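[1] Need the 3D shape of this:
(2 chains)
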Protein chains: 2
Amino acid sequence: MLVVQKYGGTSVADLEKISNVAKRVIEYRENDNDVIVVVSAMAGETDKLLNLAHSISKTPDEREIDVLISTGEQITSALLAITLKNMFCDAISILGHQAKIITDSSHTSARISRIEKNHIMSEISKGKVVVVPGFQGVDEKGNITTLGRGGSDTSAVALAAALNADLCEIYTDVDGVYTADPNVCDRARRLDRISYEEMLEMASLGAKVLQIRSVEFAMRYNVPILVKSSFTDGEGTLVCKEVSDMEKMEVTGVTHNKNEVKITISKVPDMPGIASKIFTALSDAGVIVDVIVQNVSRDNFTDITFTVAKTDGRKAYKLMEDVAKEIGVEEVALDEDIAKVSIIGLGMRSHAGVASKMFSVLAKEGINIEAITTSEIKISCVVEGKYGELAVRALHKAFGLDSELVGEGA
Amino acid sequence: MLVVQKYGGTSVADLEKISNVAKRVIEYRENDNDVIVVVSAMAGETDKLLNLAHSISKTPDEREIDVLISTGEQITSALLAITLKNMFCDAISILGHQAKIITDSSHTSARISRIEKNHIMSEISKGKVVVVPGFQGVDEKGNITTLGRGGSDTSAVALAAALNADLCEIYTDVDGVYTADPNVCDRARRLDRISYEEMLEMASLGAKVLQIRSVEFAMRYNVPILVKSSFTDGEGTLVCKEVSDMEKMEVTGVTHNKNEVKITISKVPDMPGIASKIFTALSDAGVIVDVIVQNVSRDNFTDITFTVAKTDGRKAYKLMEDVAKEIGVEEVALDEDIAKVSIIGLGMRSHAGVASKMFSVLAKEGINIEAITTSEIKISCVVEGKYGELAVRALHKAFGLDSELVGEGA
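    Modelled structure (predicted):
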C-alpha cells in the first residue's frame, strides 16, 4: 500500500515527538507499506518567523515571506530524515522545489496546479521513506510559494492524489471527527466514517481537524483521508466518498458557531432591486454574508435578515444604515448575541421530516428560532446566543447521536 | 561598478544589525553601483541547528544536514530583502538552487564548480539589489549542498568571479588584516593592501578574517577582495594581485600558532623507506602533518621532527610508537608546548638575509629555535610555547612593522 502520512506542528514540536513520528513511520514500513511523510513546521516556528518579518514592516514583501517561512517545514523534514536514518530506516527529504510541487504565484496563499511524481516515486522505488515539507511549493519560475494556513493538509492530499496513494493519513492532536464539539456535548461520539460533503458542511468542527481546502481537494480527486491522533492509537475517522454501508443515520453531526452576528432590516418595501442594493453594498465592501432570510411580504413590506462574521459586524451595520436611509427605511437592528446551530447529514436526503423534528426539539427546550437556512444536507437555525450549547445537546440526543456511556467521547 | 558585498553572522545577528546592513547597501546603490549581497546565517543559528542534528545522531546524514543548516542563510536573505524593500530599495532574494550555484556532491564541504549568471544578472538589470544566501549551493541533481565553515566568503568570491564583479567586499567584525595579532602585539598595523599569496601564508591570521578557500578562489580568478568592518567606517584591507606599487617591505606580517604539537623520533636508521613508513602511517590515519624537519645523518642515524594539529597529537604519538617498535627505534618524544612563529612577505624573494635576520632576532631574545621550515615567501620557526608572543613582538619590531604610536592598531 502507498500511504501519505501528514504530521502537524504539535506532532513534531520537539525531537522526542519527531522520534515518535519516526517510530510510527517505521512500524508502517515494516508492514510492507510505502510511505511518504508530509510534515509541518515545529509548533510555534512559523509564527516566530512571521513576527520577525512583521517587526520589520507592516506589509512585508510576500514573495520574501514565503522564502522566510518555508524554512520551518524544511527544518522539520531534515530532522525527521536524520532521525529515520539514525533508526536504520532509509529516508530522504525532498523539498517543494525538488519534488516540483507546482503552484500559481499567489504568494502566501498559493494553489497547487500539479505535482511531478517521478522524483518522489523513484526514491520510493529504491525503498526509501520520502519526507516532504508541507505548506510549500514553487511557481513555474521557481519562486518559493506557500499555501496559506493549514496548507500542509492540502500538500498531503495533493501528493496522495498525484501519486495515486491508497490513503492519506492526517495525524493531529485530536483522535478524529466528532458528532459534536466534545467540550459542549459530553456525549459526543467519534465518527468512524464521514463523507466529504458532510465534512465540508461541518466546517466549524472540521476546521479544527482538517483544513477545508484539503477536503475539497480530496473530494475532487477521491482521496480517502484518515484523521488520527499522533498521541494515541485510536482508529480515527475516515473521510471518504459516500458508500452504501455508511452508518444509516439521518444526522451525522451537530455544530454550533458563535462567531456570527445577525442584522435585520425591517419594513423593507417589497419591490425589485432592494435586495440587490443591500447585498451589493456588502459584497463591494468585502463582507461575506452567511445566512440570508427574507420573509414573505406582508402589506408590500418585508424583513430581510442576514448574518456575517463577528469581525465584520460593525462595518456591515454601518453600511446597512446608509442603505436604509437611501431606500427610506428606518429600522436596522444588530444582534451580536446569536448562535448558529446546524445539523448535518447525507441521510436528510432520504429521511423526511428531519427539519420539522429539529424545530420541535428546539421548541420543546423553549428555544426560539430567529432564522432558518437549509442546504441539501444541512439545516441551520439561528438562536439566542445563550441557548447554543443547550441546542447542541438536545439535538445530539434527539437524533440518536449520544454515546451510551456518559463521557465516553469527551 | 558591480560589487558583491558579503556580511558575516555577527553583521546580521539581529534585526537592528540587518537594518544597518540595508542602509549600507542603499548608500552603495545611491552611488550608482549594482550590488549583490551575500549573507551568512544570523550569529549562532547554524550551531543551534547542528546541535539539534547531533542530539539525534552522532553521525547525522550529511545530505540532510545540508537541508537543515542551509535554512539559516535563507532566513537572513529573506529578512534582508524584506528590510530593503521596506526602505524603498527594490530587492529580491535568490537562493542557491535558484541562482544555480552548482557544486559537487560532497555534502557539508562541497566545492563550487560553476554559477549560472543569467538569473542574477537579469534581476540586476531590472535595477534590483540581489540577496544571495552564502554557504549554500546545489549539486547537478538538485540536492542542497553547503560549502563548509566560513563558506559564505567563498560564495561571495565565486559570485564575484562568475559575474565579473569589479570588487568583492567582505564585511566582518574586524576592520582589516593586520601585520600581527593585535591581541599579542599592540603595535600591529592594519595593512592597506596584501597579496593573495601573503594572505594565504598568513592563514593563522587570515583564518580569523577570511576563509582560506575564498582567497585561493580569488587568486585563481583575480577577484580583488576588500576586507572591512561592518561596524566602523575604516578603509579596510585590499587583498589583490601583487602590484609594483605595493609597500616595499621585506616582511608583511608576523603570525604565531599555538595549536600544534611537535613529535620527534630520534636515532632513526638513515635508510630508504623509513620516512615513507612514518608519513604513510600518519596519512593513512588522516593526520595532516605541517612542519617536517629531518637533520643530516650522523653515524647513519638521523632525527625526524614534525608537527601536527594539537587535536591529532595523541593519535600521532601512538602511531609513532608503533612505527618505532617496527623499525627498532626507542625514542619518540611528544612536545605539546610549542609555538610556530612565522614571518611572511613577498619581499623575501628579493631581499637577501631575511632568514638570518629572523634567527638573530630570536637569538638576541634568548629564544631557542627547535625547527625551521621555509617556503618562498614565509619562514617558520618552532619555539618553546612560552616564547611565542615575545617572538612575535620582537620580529614585528625588527622588520619595521611597528606602528608609530603605541596602540594605534590595537
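[2] okay, CA-based contacts and neighbour counts for the rest of this
    Fine.
[3] which regions of chain A lie under the pLDDT threshold?
    For chain A, applying pLDDT under 70 flags the ranges A:204-207, A:244-248, A:405-410.
[4] Can you pull the residues of it lying near chain B?
    Residues of chain A lying near chain B by C-alpha under 8 Å from any C-alpha of the partner chain: A:15, A:52-53, A:56-57, A:60-61, A:64-65, A:67-68, A:71, A:74-75, A:78-79, A:81-83, A:85-86, A:92-93, A:98, A:142-143.
[5] which of these are buried?
    A:15, A:53, A:56, A:60-61, A:64-65, A:67-68, A:71, A:74-75, A:78-79, A:81-83, A:85-86, A:92-93, A:98, A:142-143 (16 or more other C-alpha atoms under 10 Å in any protein chain shown).
[6] Restricted to strands, list those.
    Secondary structure from DSSP state E places A:92, A:93 of those in strands.
[7] So which of the buried ones among the residues of chain A next to chain B are in helices?
    In this view, those that belong to helices under DSSP state H are A:15, A:53, A:56, A:64-65, A:67-68, A:71, A:74-75, A:78-79, A:81-83, A:85-86, A:98.
[8] what sits up against stretch A:371-386?
    A:198, A:201, A:258, A:291-293, A:305, A:337-349, A:355, A:367-370 (C-alpha atoms under 8 Å, 6 or more residues apart in numbering or on different chains).
[9] What's the end-to-end length of that stretch?
    Stretch A:371-386 has an end-to-end distance of 16 Å (criterion: C-alpha to C-alpha, to the nearest Å).
[10] now stretch A:149-169
    End-to-end distance for stretch A:149-169, by C-alpha to C-alpha: 19 Å.
[11] Could you pull out the buried residues of that stretch?
    For stretch A:149-169, a neighbour-count test (16+ other C-alpha under 10 Å) marks A:150-165, A:167-169 as buried.
[12] Check stretch A:341-350 too.
    For stretch A:341-350, by 16+ other C-alpha under 10 Å, it's A:341, A:342, A:343, A:344, A:345, A:346, A:347, A:348.
[13] Show me which residues of stretch A:6-15 are buried.
    For stretch A:6-15, burial by neighbour count (16+ other C-alpha under 10 Å) applies to A:6, A:7, A:8, A:9, A:10, A:11, A:12, A:13, A:15.
[14] What is the nearest of those residues to residue B:326?
    Within the buried residues of stretch A:6-15, proximity to residue B:326 (C-alpha to C-alpha) peaks at residue A:15, which comes in at 49.3 Å.
[15] isn't that closest one right next to residue B:57, touching?
    No: counting by C-alpha atoms under 8 Å, residue A:15 sits too far from residue B:57 to count as a contact (11.2 Å).
[16] can I assume residue A:127 is in contact with residue A:120?
    No: with contact defined as C-alpha under 8 Å, residue A:127 does not reach residue A:120; the gap is 11.2 Å.
[17] which of these two has more neighbours?
    residue A:120 (24 against 16; other C-alpha atoms under 10 Å in any protein chain shown).
[18] what packs against the helix or strand encompassing that one?
    Take DSSP states H and E as the rule and residue A:120 turns out to sit in helix A:118-125. Here helix A:118-125 touches helix A:96-99, strand A:129-133, going by 3 or more C-alpha pairs under 8 Å, 6 or more residues apart in numbering or on different chains; DSSP states H and E.
[19] Out of the ones you listed, which is the most enclosed?
    strand A:129-133 (a mean of 28; mean count of other C-alpha atoms under 10 Å in any protein chain shown).
[20] tilt between that strand and helix A:118-125?
    Interaxial angle, strand A:129-133 versus helix A:118-125 (axes from the mean of the first three to the mean of the last three C-alpha atoms, to 10 degrees): 150 degrees.
[21] Checking the residue in the stretch 301-410 of chain A that chain B sits nearest to next. Helix, strand or coil?
    Residue of the stretch 301-410 of chain A nearest chain B, by C-alpha to the nearest C-alpha: residue A:311 (28.7 Å). Here residue A:311 is recorded as helix under DSSP: H, G, I helix; E, B strand; the rest coil.
[22] hmm, back to that, make JSON lines out of the helices and strands packed on helix A:118-125 and add distance to residue A:323.
    Below are these laid out as JSON lines (distance: least, C-alpha to C-alpha, whole Å):
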{"stretch": "helix A:96-99", "distance to residue A:323": "48"}
{"stretch": "strand A:129-133", "distance to residue A:323": "49"}
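[23] tally of neighbours for residue A:300?
    Using other C-alpha under 10 Å: residue A:300 sits among 11 other residues.
[24] my read: it touches residue A:270, true?
    Yes: between residue A:300 and residue A:270 there is a contact under C-alpha under 8 Å: 5.2 Å.
[25] Could you work out the end-to-end span of stretch A:6-14 for me?
    The first and final residues of stretch A:6-14 sit 16 Å from each other (C-alpha to C-alpha).
[26] Could you check how far residue A:273 is from residue A:213?
    Distance, residue A:273 to residue A:213, using C-alpha to C-alpha: 34 Å.
[27] Tell me which of those two has more neighbours.
    More crowded of residue A:273 and residue A:213, by other C-alpha under 10 Å: residue A:213, with 17 against 8.
[28] in what helix or strand does the more buried one lie?
    According to DSSP H and E, residue A:213 maps onto helix A:212-221.
[29] cool, and residue A:145?
    Going by DSSP H and E, residue A:145 is in strand A:144-146.
[30] Got the phi and psi for residue A:90?
    With angles defined as degrees, to the nearest 10, residue A:90 sits at phi -70, psi 130.
[31] what about it, how many neighbours?
    Neighbours around residue A:90, by other C-alpha under 10 Å: 16.
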